[in-house]
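All I have is the shape, not the residue letters:
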């Protein structure tokens, strides 16, 4: 097993794609490569990986360092995944340990990540590394909301879905 490597070439990024694809199946390789390059340029996203002795990438971690009002300087883990055929061999733990060390080396006050509620094996890893569950993460798919609400609310709001959202927000405190 190799050391943690940085995917900083097109060929290294492409080699990471099969692992990312298991975590993010909605991405094609072309879309993945383009999005990684955009995120690298705009947000300092980095992708690191572990490779087996034969060179096959078995685990990846994507992260960025940012400053937040809530946390100060923090390393945020966007992606942490292990190839399904290489799970339960300590790869994700090695990457997480590396990420924690990298956060310290970069002067971060904290490390943060979100994890899908169904990823119980990952949660065991995080809790075992003393990560705490500190919040709930809420999400709203805006393209889907606009499409679904736009069609069903035209009778009441015409084309102005924003009026619907404004009216909904005014009642949120009552719920």
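That came through, no problem. Because the structure is predicted, anything quoted here is derived from the model rather than measured.

ok, residue 115 to residue 23 distance?
Residue 115 sits 11 Å away from residue 23, going by CB to CB, to the nearest Å. Placement of C-beta: from N, CA and C, glycine included.

One more: residue 76?
Distance, residue 76 to residue 23, using CB to CB: 16 Å.

Between these two, which is the more surrounded one?
Summary of the neighbour comparison: residue 76 and residue 23, criterion other CB atoms under 10 Å, with residue 76 having more neighbours (21 against 15).

can you give me the strands for the protein?
Listed in chain order, the strands of the chain (DSSP state E) span 5-6, 46-51, 57-68, 72-82, 110-113.

Can you redo the ones you listed as CSV, where the extra columns are mean pLDDT and distance to residue 137?
Putting these into CSV (pLDDT from 0 to 100; distance: least, CB to CB, whole Å) gives the following:
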stretch, mean pLDDT, distance to residue 137
strand 5-6, 94, 27
strand 46-51, 97, 22
strand 57-68, 96, 14
strand 72-82, 95, 12
strand 110-113, 94, 10
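
of all these, which lies closest to residue 122?
Nearest to residue 122 among the strands of the chain is strand 72-82; the distance by CB to CB comes to 7.3 Å.

Count the residues that sit near the nearest residue in space to residue 39 that is not next to it in sequence.
Nearest-residue entry for residue 39: residue 45, 3.6 Å, with adjacent residues in sequence omitted and distances by CB to CB, 6 or more residues apart in numbering. Neighbours of residue 45 under the rule other CB under 10 Å: 19.
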